[in-house]
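*Asks:* Sharing a model prediction with you, sequence too.
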Amino acid sequence: MQDRKVQQWRKLGMVIRPDKRLFWAQTHCMVPTPQSLGNGLVRVFFSGRDGLNRSHIGHATVDLNQDGRVVDYTAEPVLAPGALGCFDDNGVTPSCVVDLPNGELGLYYIGWNPGSTVRMHIFGGLAISKDGGKSFERWSRAPILERNRTDPYLNTAPWVVSDGDGYRIFYVSGHEWLHKDLPRYNIKTGTSKDGKNWVREGHVCLDFRDETEHALARPYVVKEDGLWRMWFSYKSTDYRIGYAESRDGLTWERLDHLAGIEVSPSGFDSEMVEYGAVVRHDGRRFMFYNGNNYGVEGIGLAVEE
């Protein structure tokens, strides 16, 4: 495939941090999910955690012309945990923002729910904005990615791409639970006409490299000049950022050695790097990502050189 070279990233440091003045952002800025606003401004959705460790979704706007300087930070979350008993009653985390028909903006998200025989249940949800992303309402209090015949375990972290006259979804799907606290999950794909109702047949588009690997997480997919590119996270012990390419969005080749970003000798990303999200500005790629303990200290930024 074209452009097969190691991506070279220069880290700019941590750009978005928790704000302890805000009840919903006491710790963590988890799973950066960018929405490009133009002229180098990027609204980055993320989940912060409150005093009870429940995730809420808010956002900060950064200026890539100024190495990611924060120019706005929401005082209130745009999406809070769902009603008691719903799939997202213990937390919500963003995974994708995409334009939908009729001027709607779709915020696809991860809903968290404590388990009993297993540690947690997580499924994919959808909230809709009709004001460009300033506020959101749930499209449904039920998940858009639930269990079905081919996906009997967790189904979450939806990433949605416009494809032809419809949409393609890439999502994290449970393969098995090794024990109560350790699920294995890979990445599958499905299709939709409207971005809301999905056809899933269990097609695995990115699978485990070997038996020691137990997590393929947060697919971040772009389609450029007929080539599909995916940045994702993988884990045997600690998360790292991987990379894959595809010609059709269905069959993918893992090229993790080309990802080009690793842990640092010290600091907020010295143990793990994960949840990479890549945007273009001024002819260059920028990557938002999390570090140690799933973004407990904040969101880092790197620029491709």
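*Replies:* Yep, it's here.
*Asks:* Outside of whichever strand or helix holds Ala244 itself, list whatever touches it.
*Replies:* Taking DSSP states H and E as the definition, Ala244 sits inside strand 240-246. Residues outside strand 240-246 that contact it (C-beta atoms under 8 Å, 6 or more residues apart in numbering) are 1, 7, 205-206, 216, 227-234, 252-256, 258-263, 272-274, 276, 289. Every C-beta, even on glycine, is put in place using the N, C-alpha and C of the backbone.
*Asks:* Recalculate using a threshold of 7 Å.
*Replies:* With C-beta atoms under 7 Å, 6 or more residues apart in numbering as the contact definition, strand 240-246 has outside contacts at 1, 206, 227-234, 252-256, 258-259, 261, 273-274, 276, 289.
*Asks:* contacting residues around Tyr220?
*Replies:* 159, 230-232, 276-278.
*Asks:* what's the spacing between Pro143 and Gly190?
*Replies:* Here the criterion is C-beta to C-beta, to the nearest Å. By it, Pro143 lies 14 Å from Gly190.
*Asks:* Please apply the same query to Tyr289.
*Replies:* 26 Å.
*Asks:* So these two - more neighbours on which side?
*Replies:* Tyr289 (27 against 23; other C-beta atoms under 10 Å).
*Asks:* Of the contacts of Tyr220 - the most surrounded one?
*Replies:* Counting neighbours by other C-beta under 10 Å, the top entry in the contacts of Tyr220 is Phe232, with 30 neighbours.
*Asks:* packing partners for the helix or strand that one falls within?
*Replies:* With elements taken from DSSP H and E, the one containing Phe232 is strand 227-235. Here strand 227-235 touches strand 215-224, strand 240-246, strand 274-281, going by 3 or more C-beta pairs under 7 Å, 6 or more residues apart in numbering; DSSP states H and E.
*Asks:* hey, C-alpha coordinates of it in PDB?
*Replies:* Backbone C-alpha positions of strand 227-235 (Å, rounded to 0.1, in the frame of the first residue of the first chain) are rendered in PDB as follows:
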ATOM      1  CA  LEU A 227      -7.100   4.000   1.700                       C
ATOM      2  CA  TRP A 228      -8.600   3.200   5.100                       C
ATOM      3  CA  ARG A 229      -6.300   4.000   8.000                       C
ATOM      4  CA  MET A 230      -6.900   2.800  11.600                       C
ATOM      5  CA  TRP A 231      -5.100   3.800  14.800                       C
ATOM      6  CA  PHE A 232      -6.100   1.600  17.700                       C
ATOM      7  CA  SER A 233      -4.900   0.500  21.100                       C
ATOM      8  CA  TYR A 234      -3.600  -3.000  21.900                       C
ATOM      9  CA  LYS A 235      -2.600  -4.600  25.200                       C
END
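*Asks:* which residues in the stretch 1-150 of the chain form helices?
*Replies:* In the stretch 1-150 of the chain, no helices are defined using DSSP state H, counting those that start in this stretch.
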